[in-house]
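Engineer: following is a predicted model, sequence given first.
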There are 2 protein chains.
Amino acid sequence: MTAPLRIALAGLGTVGAGVIRLLEANGELIAARAGRPLQVVAVCARDRSKDRGIDLSPYAWEDDMTALAARDDVDAVVELVGGSDGPALALARNALNGGKQLVTANKAMIAHHGMELAGIAEAKGVALKYEAAVAGGIPVIKGIGEGAAANRIERIFGILNGTCNYILSEMEGSGADFADVLKDAQELGYAEADPTFDVEGVDAAHKLAILAALSFGTAVDFGAVDISGITMIRAADIAQADALGHVIRLVGIAEPQEQEGERRLFQRVAPVLVAKDHPLAAVDGPTNAVVAEGNFVGRLLFQGAGAGDGPTASAVVADLIDIARGTVSAPFSLPVSALQKVAPADPGSRISRAYMRFTVADRPGVLAEITAAMRDAGVSIESMIQHGHPEEDGDVLVAIVSHRGPESAVTAALATLEGSDSLSEPPLVMRVIG
Amino acid sequence: MTAPLRIALAGLGTVGAGVIRLLEANGELIAARAGRPLQVVAVCARDRSKDRGIDLSPYAWEDDMTALAARDDVDAVVELVGGSDGPALALARNALNGGKQLVTANKAMIAHHGMELAGIAEAKGVALKYEAAVAGGIPVIKGIGEGAAANRIERIFGILNGTCNYILSEMEGSGADFADVLKDAQELGYAEADPTFDVEGVDAAHKLAILAALSFGTAVDFGAVDISGITMIRAADIAQADALGHVIRLVGIAEPQEQEGERRLFQRVAPVLVAKDHPLAAVDGPTNAVVAEGNFVGRLLFQGAGAGDGPTASAVVADLIDIARGTVSAPFSLPVSALQKVAPADPGSRISRAYMRFTVADRPGVLAEITAAMRDAGVSIESMIQHGHPEEDGDVLVAIVSHRGPESAVTAALATLEGSDSLSEPPLVMRVIG
């Protein structure tokens, strides 16, 4: 057995502690599979005295992450600090520039700085690996970047945020409204104290931007992701979707599109209505699922736990095993110089059915105003349901499902209605898939 | 860009032709991802003159597979000849012994001779890769052997044969009997002219034995797989399962079990009743799905096309890309010497509900005889349904579902009934899962 892979671990939150526990529990098996032991030599975290339920005495303690990355006795650095910039980014740059292999679970950092970091890794001839950054324990970076590498990937989509999926599943099951379910989710540990990044769709967008670069050979372009969260979704929307044979899921989707003679990239995270017989409809609770469509392999589905210390640690250590085995490929499957910068696609020509929910004053003429706006924009209505009972505030909900048509028509119809006295709040629009 | 990976391709059936087509269609992208071109230099098949819809003129033709494997201008051999022994095995041995990398889609050969071939590959320091042998285009060998490598895998199960799944799905949809659906499947190309290996469960068992070795670090032991096929399943069983909220699927399952102080391995391929809300129940048509349960990652699901030229070619070429990238690990994740030879587990202590269907003579006392046998063996009956209408041959079907209990009790009850005049044919037993 050859020399151990010597690891420095920065960040000892739930995932960091999970990595330590995993290496302790499965260390012997992992050494046999990797051909050499995986040995944590040093750790670093904010608070040395905190009880994490693990024995840290075998590992050197560093108070300073710069010193951690600079240690001569370290081959690979694991970054579990979090945050797109600041200490995490400094550590990543230091580690790679110092010729260390880098493993990270940090989706925000890869979404914002993945290209720069991949460039350093390539120049230094070291690995930058981030399986744990996307879809928790599911080996989807490996599945797409290696398993489907023979294919031109034509589309990816999936459920990328376990918190939102848990909340939507619970709303389905209980009939409760968003705010109540969020509160329960926070108490149960399924949602963070500040859930903004999750419920606003930002976390899913980080993951989508990473998957898109890997899948399509494009430069990571987080800023171009069209993002909507789930905070506007009401119990009434869930009930309406159910009556239409659908469930609501926060779905990320990305696909290249030819527009005006060039290759562009469509990227969106938004709640959508998913037909109940669609594979994503069965994805309940904090589960993640990613679908990749390749031009030879067809549709591949990867599903599993999207978060949690065990699954995330599993992905972190899988990356370390690849490094120990010496089986590492380019961070985004292609050399950084080959990743194309492409413009965002205009979604206007995308064809789908649309679910539109209006909160309106309970008075005559409102429906006529809405339907006229639809007619004038060329939006053909498939069904319209007005709730008999006004909401607590006296408003009435009107749900419209359009026939298949271009997004631009729906956008035009809603633009006509913008600022109308009849609407108590901006309408909620969701696409219908499956 | 470095020198191309030079490939010899043996076997030009649908998959072989698919590999050629894939490399032509995606060659440039693959070269960029692999860091070097994948170049087929020579091919070999039985009939040179056959029209395969592809231009073979760029490739040297070899009539003899021994000569193909011996070519000096070849780095990697792709074996798509098929058959567990004979020419395929000779080619595989020749290629590996000659220091060539080997990629194969041959599940029968790996199930029977995988240990020997892995031993040669290890001794020669070359790759033996077989992603296409299990679950077609789904990267499940990579997903388990690398993606889940940090875990002790505790159980694997899945739908591993597209032909059987297609037939069972069609029986569900149409209410037709096995023989009629098989005939349709053959005409549509979903089943082979000789479907024995598929419908008797042998093909799924090949794949299960391979997955078990990879997952549990055990020696491949195809001979120990307990195999039942789907030929005995009638339309009435599908209807009965449906009434109970289940569908019938041919499922392979393997898990290590501690018995008598040692680690043993349970491996079974059999039709089972799957609850309709179980992930495998939604797997319809020629789709495959594999679930792996790891001690840190939890449950991972991999799903996609289990057969077909495009998906299978995708898996073959993914293996070639790994070889071109130089990112190759041990064939069964562990060194061959570390793969444990373990005894087959006795299934008697396994706890489950059981569905038992008896074909009985329509006369008094038959039900009393069956229920007495159940009582005497300690099998507790949850439900019993006797079809009112006799079958065409005057027999009557009786379906019993037991409460959860050990398999040994069911086995004992059926042993009591063996040879009874009341039964027109041996009973059909299926476990109930989910």
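Structural biologist: Here it is on my side, so go on. Keep in mind it's a predicted model, so treat the numbers as computed, not measured. Numbering: from 1, shown residues only, chains lettered A, B, ... in the order given.
Engineer: mind checking how far the residue lying closest to A:Glu425 once chain neighbours are set aside is from A:Gln386?
Structural biologist: Computed as CB to CB, 6 or more residues apart in numbering or on different chains, the closest residue to A:Glu425 that is not its neighbour in sequence is A:Thr359, at 4.8 Å. The way it works is simple: take the backbone N, C-alpha and C, and place the C-beta from them, glycine included. Using CB to CB, to the nearest Å, A:Thr359 is found at 12 Å from A:Gln386.
Engineer: on contacts alone, who are the packing partners of the biggest helix by length in chain A?
Structural biologist: Taking DSSP state H as the criterion, chain A has its longest helix at helix A:14-34. For helix A:14-34, the elements it packs on are strand A:5-10, strand A:38-44, helix A:309-325, judged by 3 or more CB pairs under 8 Å, 6 or more residues apart in numbering or on different chains; DSSP states H and E.
Engineer: recalculate using a threshold of 10 Å.
Structural biologist: Packing contacts for helix A:14-34, counted by 3 or more CB pairs under 10 Å, 6 or more residues apart in numbering or on different chains; DSSP states H and E, involve strand A:5-10, strand A:38-44, strand A:76-79, helix A:309-325.
Engineer: out of the ones you listed, which is closest to B:Lys124?
Structural biologist: helix A:309-325 (18.1 Å; CB to CB).
Engineer: what distance separates that closest one from the centre of its chain?
Structural biologist: In terms of CA atoms, centre = their mean, to the nearest Å, the centre of helix A:309-325 is found 19 Å from the chain centre.
Engineer: go through the next helix or strand after it and flag the buried ones.
Structural biologist: Later in the chain than helix A:309-325, the nearest helix or strand by DSSP states H and E is strand A:351-360. Residues A:352-360 are the ones in strand A:351-360 that count as buried (16 or more other CB atoms under 10 Å in any protein chain shown).
Engineer: same question for stretch A:167-179.
Structural biologist: By 16+ other CB under 10 Å, the buried positions in stretch A:167-179 come out as A:167-172, A:176, A:178.
Engineer: overlap of the contact sets of A:Thr359 and A:Gln386?
Structural biologist: In terms of CB atoms under 10 Å, 6 or more residues apart in numbering or on different chains, A:Thr359 and A:Gln386 are both contacted by the residues A:396-398.
Engineer: of those, closest to A:Val81?
Structural biologist: A:Leu397 (43.9 Å).
Engineer: can you list the residues of the stretch 301-434 of chain A near chain B?
Structural biologist: Residues of the stretch 301-434 of chain A lying close to chain B (CB under 10 Å from any CB of the partner chain) are A:301-305, A:308-322, A:324-330, A:332-335, A:338.
Engineer: I'd like to know which of those residues are buried.
Structural biologist: A:301-305, A:308-322, A:324-325, A:327-330, A:332-335.
Engineer: let me know the helix or strand that the most centrally placed residue in chain A is in.
Structural biologist: In chain A, the residue lying closest to the centroid (CA atoms, centre = their mean) is A:Ala204, at 2.5 Å. Per DSSP H and E: A:Ala204 is located in helix A:202-216.
Engineer: and the next element down the chain from that helix?
Structural biologist: Proceeding N to C from helix A:202-216, the next assigned helix or strand is strand A:226-227, under DSSP H and E.
Engineer: from the chain's centre, how far out does that following strand sit?
Structural biologist: From the chain centre to the centre of strand A:226-227 is a distance of 12 Å (CA atoms, centre = their mean).
Engineer: stretch A:177-196 now?
Structural biologist: Put simply, stretch A:177-196 sits 18 Å off its chain's centre (CA atoms, centre = their mean).
Engineer: with stretch A:283-300 instead?
Structural biologist: 13 Å.
Engineer: for stretch A:115-127, same thing?
Structural biologist: With CA atoms, centre = their mean as the basis, stretch A:115-127 stands 23 Å off its chain's centre.
Engineer: now the longest helix of chain A and strand A:5-10, what's the angle there?
Structural biologist: 170 degrees (axes from the mean of the first three to the mean of the last three CA atoms, to 10 degrees).
Engineer: run the angle between helix A:14-34 and strand A:38-44 for me.
Structural biologist: Using the same axes, to 10 degrees, helix A:14-34 lies at 160 degrees relative to strand A:38-44.
Engineer: and helix A:14-34, what's its mean pLDDT?
Structural biologist: Averaged over helix A:14-34, pLDDT sits at 97.
Engineer: and what of stretch A:259-269?
Structural biologist: 96.
Engineer: then stretch A:396-411?
Structural biologist: For stretch A:396-411, the mean pLDDT works out to 95.
Engineer: re the thing from before, how about the helices and strands packed on helix A:14-34 in TSV, adding mean pLDDT?
Structural biologist: Shown next, in TSV, are the helices and strands packed on helix A:14-34 (pLDDT from 0 to 100):
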stretch	mean pLDDT
strand A:5-10	98
strand A:38-44	98
strand A:76-79	98
helix A:309-325	97
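Engineer: and stretch A:196-213, does that touch chain B?
Structural biologist: No: judged by CB under 10 Å from any CB, stretch A:196-213 makes no contact with chain B; its nearest approach is 13.1 Å.
Engineer: does the residue nearest to A:Leu280 when sequence neighbours are not counted count as helix, strand or coil?
Structural biologist: Among residues not flanking A:Leu280 along the chain, A:Val274 sits closest, at 5.1 Å (CB to CB, 6+ apart). Per DSSP: H, G, I helix; E, B strand; the rest coil, the secondary structure class of A:Val274 is strand.
Engineer: show the pLDDT at A:Val274.
Structural biologist: pLDDT, A:Val274: 96.
Engineer: gap between it and B:Asp393?
Structural biologist: As judged by CB to CB, A:Val274 and B:Asp393 stand 47 Å apart.
Engineer: break chain A down into its domains, please.
Structural biologist: Listed by automatic domain parsing, the domain ranges of chain A are A:5-133, A:140-307+A:330-338, A:348-433.
Engineer: so for B:Glu258, which of those sits nearest?
Structural biologist: domain A:5-133 (16.5 Å).
Engineer: distance between the ends of the closest one?
Structural biologist: One end of domain A:5-133 to the other measures 22 Å (CA to CA, to the nearest Å).
Engineer: now that domain, how far from the centre of its chain.
Structural biologist: 22 Å.
Engineer: and the stretch 51-200 of chain A, which residues reach chain B?
Structural biologist: Checking the stretch 51-200 of chain A against chain B by CB under 10 Å from any CB, the hits are A:131, A:136-153.
Engineer: what about the residues you listed, which are in strands?
Structural biologist: The members of these that map onto strands under DSSP state E are A:Ile153.
Engineer: just the buried ones from the residues of the stretch 51-200 of chain A next to chain B, in PyMOL syntax?
Structural biologist: This is how PyMOL selects the buried members of these, with burial counted by 16+ other CB under 10 Å:
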select buried, chain A and resi 131+136+137+138+139+140+141+142+143+144+145+146+147+148+149+150+151+152+153
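Engineer: quick one on the thing from earlier: do you know how far the residue nearest to A:Leu280 is from A:Val432?
Structural biologist: A:Val274 is 8 Å from A:Val432, where distance means CB to CB.
Engineer: swap in A:Gln240?
Structural biologist: A:Gln240 is 12 Å from A:Val432, by CB to CB.
Engineer: overlap of the contact sets of these two?
Structural biologist: Listed as contacting both A:Gln240 and A:Val432 by CB under 10 Å, 6+ apart are A:246, A:273, A:355, A:401.
Engineer: quick one on the thing from earlier: relative to helix A:309-325, how tilted is the longest helix of chain A?
Structural biologist: 40 degrees.
Engineer: buried residues in helix A:14-34?
Structural biologist: Applying a neighbour-count criterion of 16+ other CB under 10 Å, one finds A:14-23, A:26, A:29-34 buried in helix A:14-34.
Engineer: do the same with stretch A:275-284
Structural biologist: So stretch A:275-284, judged by 16+ other CB under 10 Å, has buried residues A:278-284.
Engineer: now do the end-to-end distance for that stretch.
Structural biologist: When the termini of stretch A:275-284 are compared using CA to CA, they are 14 Å apart.
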